[in-house]
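Colleague: need a 3D model of the following:
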Amino acid sequence: MRLAVGPVVGLLRVLLTKSPAKRARCVRLVAALAAGLLLLAACNTGERVVERVVVRVTATPTVGTATVAPTIARIPTAGSGLAPLTTATPRPRRTAAPPVLFPTARPTVDTSPVFPATPTITPVPTFTATPMATPEPTATATPTPAPPPAPTEAPRELSEHLIVFQRDQGRDLNILQMGGDGEGQAEVTNVPSDEVMPAFSPDGGTIAYSKSLDGNFDIWLMDPDGFNVRRLTTSEGDDLHPSWSPDGTRIAFHSARDGNTDIYTIDVATGAETRLTEHPAADVEPDWSPHGDRVVFGSARTTDFDIYLVAIAGGGITRLTDAPGVDASPDWSPDGLRIAFSSDRAGSFRLYLMNSDGTDQAVIPVPVEGELPADEAPAWSPDGRFIAFVSERDYNPEIYLTTPDGLLLLRLTNYAGEERWPAFRPDPRLLPAS
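Modeller: Okay, the predicted model is just below:
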């Protein structure tokens, strides 16, 4: 084995140099050269030998019987210094299919030429139209419309109205208020005494009513909220059923102060009283006309109880009804043209209308189911569209609502005790045009 002297001398010169970088490279080269010399010394023939080099060749896995390629090993020769190699035992080949990385197979592209298919022409079938027979017209009978049932839902405009009424709450009689649709019922009075027959002043700012102290009823006034209570009359007899004059300065009422019931008026500001009627029979339930010149009332002046008019000036009396039975509780319409009242002339109390001179008396056809009801004490709404009244249709006096034509029937109250004498609050927005 020959070694080149020139490179070795060159390496020694580099080791003696002062450059650290050159010396480091020189050291690495010397180490590599020494390793090579040792390797060459181990080889007897000068061929490159790699200890225990085993080359394994494994065929591509296929489904079925696997064939294992032979293991090739280098046999060491004598004097090589290598340990004898043992024959490697072949590994059993994996027979399971490899994991599928792409489940969807790649599409196979058909490279054969494609020729357009010859279109097939399908003949269109021919249909022969069959003439249809013309049907003969059938006469349709025109049905006779049935009369619509009376509405039982409150019209929307009723919520703009306010009604006061009296209720028997067992311990005493109190005054309550509610909307025209029956909603929002609330007490106006709640004191240990009886308060009955409320009536709003024309401006809606005061309520006149009858109040009993020590068993004697007098006329009292209060604000609509039940406060600012003041006494108006102080007679020894019962003063009941107050009714305001259109200008709000006077109140008509009936009184039994002298042992006989008659019609009186009182000045709200001064308390001065005027007697309008004087008759041995009872004159009751006065209602002041919208024009302020007359008062309508009920009286038993004859064998029957009828409705009369008395003039404010002069006191002249005019009889309006003359039917068998009882005609009572008259109430003027807001325009002064009609009067509503209750009568039992047909056997049971029902509501009636008549002109202000007593003509054209006719029942209001409020729907009736079962026995004839007891409908009493009508009260007009300020716009003249509705009439509140008391009815014993369920054998208990309750407040109901109808229209002058009787096409509406709406129950406003449903209480165990008796409820009577409804009265609307006047409202200038709701008054009919004059």
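
Colleague: where do the helices sit along this structure?
Modeller: Counting by DSSP state H, the chain has helices at residues 5-16, 20-42.

Colleague: so for the longest one, what's the average pLDDT?
Modeller: Okay, so that is helix 20-42. Across helix 20-42, pLDDT averages out at 65.

Colleague: same thing with the shortest one?
Modeller: Rounded to a whole number, the mean pLDDT of helix 5-16 is 56.

Colleague: quick one: contacts for the closest residue to residue 212 other than its chain neighbours?
Modeller: Of all residues not flanking residue 212 in the chain, residue 194 sits nearest, at 4.2 Å (Cβ to Cβ, 6 or more residues apart in numbering). Glycine gets a C-beta too; all of them are placed from N, C-alpha and C. Residue 194 is in contact with 172, 173, 211, 212, 217, counting by Cβ atoms under 8 Å, 6 or more residues apart in numbering.

Colleague: if we use 6 Å, what do you get?
Modeller: With contacts defined as Cβ atoms under 6 Å, 6 or more residues apart in numbering, residue 194 is in contact with 172, 173, 212.

Colleague: what's the answer for residue 285, then?
Modeller: Applying Cβ under 6 Å, 6+ apart, the residues contacting residue 285 are 241, 297, 298, 329.

Colleague: from residue 197, how far out is it?
Modeller: 9 Å (Cβ to Cβ, to the nearest Å).

Colleague: next: residue 408.
Modeller: Taking Cβ to Cβ, one finds residue 408 at 25 Å from residue 197.

Colleague: what about those two, which has more around it?
Modeller: Neighbours were counted for residue 408 and for residue 197 using other Cβ atoms under 10 Å; residue 197 has more, 25 against 22.

Colleague: was I right to think the more buried one contacts residue 241?
Modeller: Yes. Counting by Cβ atoms under 6 Å, residue 241 is a contact partner of residue 197 at 5.2 Å.

Colleague: rewinding a little: okay, and the common contacts of residue 285 and residue 197?
Modeller: The contact sets of residue 285 and residue 197 overlap at residue 241 (Cβ under 6 Å, 6+ apart).

Colleague: in stretch 186-205, which residues are buried?
Modeller: 188, 189, 194, 195, 196, 197, 198, 199, 200, 201, 202, 204 (16 or more other Cβ atoms under 10 Å).

Colleague: can I get the residues you listed in JSON lines with distance to residue 257 and pLDDT?
Modeller: Shown next, in JSON lines, are those (distance: Cβ to Cβ, whole Å; pLDDT from 0 to 100):
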{"residue": "188", "distance to residue 257": "27", "pLDDT": "96"}
{"residue": "189", "distance to residue 257": "24", "pLDDT": "95"}
{"residue": "194", "distance to residue 257": "18", "pLDDT": "95"}
{"residue": "195", "distance to residue 257": "20", "pLDDT": "96"}
{"residue": "196", "distance to residue 257": "17", "pLDDT": "97"}
{"residue": "197", "distance to residue 257": "17", "pLDDT": "98"}
{"residue": "198", "distance to residue 257": "21", "pLDDT": "98"}
{"residue": "199", "distance to residue 257": "20", "pLDDT": "98"}
{"residue": "200", "distance to residue 257": "25", "pLDDT": "98"}
{"residue": "201", "distance to residue 257": "23", "pLDDT": "97"}
{"residue": "202", "distance to residue 257": "26", "pLDDT": "96"}
{"residue": "204", "distance to residue 257": "29", "pLDDT": "95"}
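
Colleague: which of these fall within strands?
Modeller: 194, 195, 196, 197, 198, 199, 200 (DSSP state E).
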